[in-house]
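Engineer: show me how the following folds:
(chains A and B)
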Amino acid sequence: MATYDSPLSRSRHEPRVFATRADPHPIFHIDWLMLMAAGAVTALGLLMIYSSTRTHLALNSTSTMYYVERQGIALGIGLVLALLATVIDYRKLQELWPLLYGATLPLLFVVRFVGHDRGGTTAWFNVGPLQFQPSEIAKLAVIVALAGYCQQHRGELDAWRLAVALTLAGIPMGLVMLQNDLGTMLVMGVCVIAVLVVAGLKPLHLAVLALLAVTLVGALISTGTFSSYRADRILTFLDQGSKVALKNATSAQYSLLQSKNAIAHGGLTGQGLFNGTLTKTDAVPEQRTDFIFTAVGEELGFRGGALLLALYALIVWRTWRTALTAGDFFGTLIATGLVAMFAFQVFENVGMTMGIMPITGIPLPFMSYGGSAEIAYWIAIGLIANIHMRRFA
Amino acid sequence: MNDSSRVRVSIVGVVVAALFCSLLARLWFLQVNESGTIVAAISQQTLRTVRTEAPRGVILDRNGLELVTNRVSWVISADPKLRGLSHTDPTRIAVLGRLSETLCGNAAKTPQCANVATLTKRLDDPRRAPVEDAILATDVSNVVRTEIVEHASDYAHLSLVALAVRRYPYRNDAAQVLGYIGRVNADDLKRHPDYGLNDTIGRAGVEAAFEAALRGVPSSQTVLTNPAGQVVGDPVRQTPAQPGHDVRLTIDVHVQDAAQRALAAGIQVARTEDWTDLTPTYGLYKYRATGGSVVVLDTTNGDVLAAASNPDYDPNISIDGFNALEWGLLNSKQSNYPLIDRATSGLYAPGSTFKLVSSFAAVAAGVRGKDEPFDDQGCYQSTNSTDKRKKCNASNAVYGRVALQKAITVSSDAYFYSVGDALWGVWKSGDQGRGNAIQKWARIFGFDAPTGIALSESSGRIPDATWRRNYVLAQAKRGIEPYKSNTAGYIGWNPGDNMNTAVGQGDVLVTPLQLADAYAAFANGGTLWQPRLADAILDGKQVITKFAPRARGQVAMAADVRDAMLAGFQGAVQDTQAPGTAAKAFQGFPFAQVPVAGKTGTAQVGAPVPDCIKHLPNGSNDVTSCKGDTSWFAGMFGGDPSHPRYVIVVNVEEGGRGGNVAAPIARQIIEAMMNVVPRSGPIPNLTTSHD
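Structural biologist: The predicted structure is shown next:
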């Protein structure tokens, strides 16, 4: 392809800070800044999981480290897989992505029938004492698959190929939707759009896609496919102006009220680590998972919350920069998908805790309790590091 | 790579940057702009303040025995959030159901067993404030406690609390003196804003009088709770409880118990014996003996060694509040109002015991010298009055020539009627000072005024011309007959009024405590004590406040008059020849071991029993429509015979002759108190003694 030899990194706007192509091995080009940012967020995540679960565990005479230990195991697995994802040249995936994609679909399909149900969503395999959620891995698979397909047809993304690409993305998205996991489907959708845009999606096609999405959502609502709790979440989001007392609140209203209360309670400086009144008293439902940001907000305040957002911004920036400097278009597309994944998840998750997005079950990367997600994000970090350090190779 | 791709990646970057900016802006808005308003709301939903009353101080007798104490009771309390849940709430249904199962266990008939309906009633008790914990079960067993502690998560919103519960180990003994406790109500809160609703408060007796010392300071604990009501972490704020101080009384529980038993037994005798003493004409009858009291004082310092009132009750039933049935019974005529402390608040005509006062009045006013004889022919006809009806001795006994000493020993009413008549003449002649000698001496002896004991008490009444006039005018103004239609007929102070006063009848009213206090002043030579009930307030062993004996007056008694009277009082108890009115009751008593002197009294209340029996249409001897005489004995005993150490006053309402009912009760108490070997045989039942 004509542009293969002129990667985006050759731009005059991109000074090389950490390395030059003269270095002997790609590992010397690794993006330490991003790794440190991800590591810092993960450490903070473990701390906040501990903070938000310890009083409840103590009341039930369980080890206060219960959740931290389980998350630690997942982190260990995630770090090993991240290392593999870093050292194995990502370019091999250009040929292998159909294999990865093909392996993911049966998992997504089967989990519906043998999976473990939690909060209306059937998305977990029981693996011994741990649980495995294939949709988290599926997000990566969809990005890689789409990047691989678009890379193969670069500059030739006509309506037909677009349809193929959309089908590639649509099958796992549909399977995830069948698990009743709207959040993950949304994340996938956003990643797909981002990859397609960079891959050269025509504005007209984009407009048609947007129209399709709106129609689809409208159809889901009007046909009552949305379950009642989801309608509750959307109505709650749209109607935040009315004052509802906690004891009269619906489940979604209660979550949102307590979530906003906890964050607001933090103020500028926070109530102090382990000292958040609502965090200590388990007042925010699902705090250790989807609402982990409320613990940061309450205990560490605006300063801590802003620092965390800055760390995310750092990760996203380094990923975005990887997209810009990648050695090939495949790398650019994968990195773009991951930019979208991280950015959208952070925005949706933190946004819902503050009431600027509706409540969906999307974890906060590196922070929320949940092993599969932790593993998937660290694999993603490995992939980014992989693309980044091979930008000259 | 074309620039188009760069542009497209940059577009993604711009979108992402915008998202992060909006998050940061929202975070700032929520945390820095809005945070102030929600802090109060958070406190309300997570903080709970639990006030626990301090253990109430113990009440001790003079020897340190615990008259009132506390025991630990484990209770299950439910926080207000459980009440806030609707009746169909699954948590509420589950918690109450599980608790009921646990409380009842295998045996449904245990006292702590409560079904869900009962628990619901206790939880929703409308008398509880919305923020207050509800008590679902008291005195829960160890088995139940263990179950609840081990499965705390199944008992959301419930907690186990150890409460100090009042206990009255001597049950009915000194019940009216010790008083009882109740729960603070809305009226109490106005007077004690520092109390919480349903706190314990002393309602009567020492429990009420020493409330401030006994109560202590409640502990306050502010704790964090999670939405399930469980307490999280250490208390946010706490002030420790300060246990109440102990109060040591002057009561000697052994004397008190003896008094209580003897009084109850004597009243039983009065009710069950067939009596003929009033006059044989009416045949046999029984006294109603609706109640009575005993006061024992130490004449050297005014210490109240015993104060008994019958009927009595067990204050232990007050610890969880009187229920409607109990309260109704305690305040009913059928049970003769056991809550009333007759020793301090009962108002009675003192009858012949009041001759203590009339004797000094007669000599001091110069109407009758101490040795000046009076010819007692059984009845006395007023020389001043136009009413020529005779007033007679009990049973119209004739004593012949009597001077002061003998008049006291045999209790000659004629002697004292004549004194009252003579003093009326002096009063009528314009010498108010001398003419009102009885009234003056009554007040010197502390009547017509509160004694100052640390309990609620009545002041009594000593009638004179001024009182009579004000009383009749007031009654007439309120429309009460016969004063309204015949004001002029009743407004005057007549010779008969002063004669009745001289023998402690008519309008004279005293409390048993006042009478005992007056006899104590006589016994000790003139010091009128403020009866001392509380000895000290203690913090553990340490005395915080000591209540020293306090004189409230001095009685200047002419020594020779006092000697003659004391001899008269000794004769009344010891002289079987005269005969002394209480001599039969004290027959065989070892006076050498324990000297006893005293005076009986048989006070007519309204129409005398024989008269009202006479008025019954069919001539039956039904005495139920009459008010019987009050039976009295005022005794001085122990120590130096010339200055007896102790005073005892016994009275029995509608109990007939003082010598028959009150004096034998007094004897039993004296015997128990002074370790006299108890006589064998029944309580004396004398049908011929005269008053």
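
Engineer: B:Arg51 in helix, strand or coil?
Structural biologist: Look at B:Arg51: counting by DSSP: H, G, I helix; E, B strand; the rest coil, its state is strand.

Engineer: dump the residue contacts of it.
Structural biologist: Listed by C-beta atoms under 8 Å, 6 or more residues apart in numbering or on different chains, the contact set of B:Arg51 reads B:196, B:218-221. Any C-beta I mention is one placed from the backbone N, CA and C, and that applies to glycine too.

Engineer: so which of these are also by chain A?
Structural biologist: The subset of the contacts of B:Arg51 within reach of chain A, by C-beta under 8 Å from any C-beta of the partner chain, is empty.

Engineer: next one: the helix ranked longest in chain A to chain centre, how far?
Structural biologist: Of all segments of type helix in chain A, defined using DSSP state H, the longest is helix A:292-325. Here helix A:292-325 shows a centroid-to-chain-centroid distance of 13 Å under the convention C-alpha atoms, centre = their mean, to the nearest Å.

Engineer: ok, is that helix in contact with chain B or not?
Structural biologist: Yes: for helix A:292-325 and chain B, the contact criterion (C-beta under 8 Å from any C-beta) is met by A:297, A:301-302, A:305-306, A:309, A:312-313, A:316, A:320, A:323-324.

Engineer: for A:Thr86, which non-adjacent residue is spatially closest?
Structural biologist: In space, and not counting its chain neighbours, A:Thr86 is closest to A:Gly382: 4.3 Å by C-beta to C-beta, 6 or more residues apart in numbering or on different chains.

Engineer: give me the neighbour count for that neighbour.
Structural biologist: Neighbours of A:Gly382 under the rule other C-beta atoms under 10 Å in any protein chain shown: 24.

Engineer: and the host helix or strand of it with helix A:292-325, angle?
Structural biologist: Secondary structure from DSSP states H and E places A:Gly382 in helix A:371-389. For helix A:371-389 against helix A:292-325, the angle by axes from the mean of the first three to the mean of the last three C-alpha atoms, to 10 degrees is 30 degrees.

Engineer: and the closest residue to chain B within the stretch 101-250 of chain A, what element?
Structural biologist: Nearest residue of the stretch 101-250 of chain A to chain B: A:Val198, at 4.6 Å (C-beta to the nearest C-beta). Per DSSP H and E: A:Val198 is located in helix A:182-199.

Engineer: how about B:Ala361?
Structural biologist: Per DSSP H and E: helix B:355-365 holds B:Ala361.

Engineer: what do you get for A:Ala252?
Structural biologist: helix A:251-266.

Engineer: how big is the angle separating that helix from helix A:292-325?
Structural biologist: 80 degrees.

Engineer: show the average pLDDT along helix A:251-266.
Structural biologist: The pLDDT scores in helix A:251-266 average 90.

Engineer: near chain A, which residues of the stretch 51-200 of chain B?
Structural biologist: So the stretch 51-200 of chain B meets chain A at B:84, B:152-153 (C-beta under 8 Å from any C-beta).

Engineer: give me the next element, helix or strand, following the helix holding A:Ala252.
Structural biologist: helix A:277-280.

Engineer: ok, back up a step: who are the packing partners of the helix holding A:Val198?
Structural biologist: Packing partners of helix A:182-199 (3 or more C-beta pairs under 8 Å, 6 or more residues apart in numbering or on different chains; DSSP states H and E): helix A:134-152, helix A:159-178, helix A:203-222, helix A:329-353, helix B:3-28.

Engineer: go with 6 Å
Structural biologist: For helix A:182-199, the helices and strands in contact under the criterion 3 or more C-beta pairs under 6 Å, 6 or more residues apart in numbering or on different chains; DSSP states H and E are helix A:134-152, helix A:159-178, helix A:329-353, helix B:3-28.

Engineer: ok, the nearest residue to A:Ala194 once chain neighbours are set aside - how many residues close by?
Structural biologist: Nearest in space to A:Ala194, with sequence neighbours left out and distances taken as C-beta to C-beta, 6+ apart, is A:Ala340 at 3.5 Å. Other residues near A:Ala340 number 29, with proximity taken as other C-beta under 10 Å.
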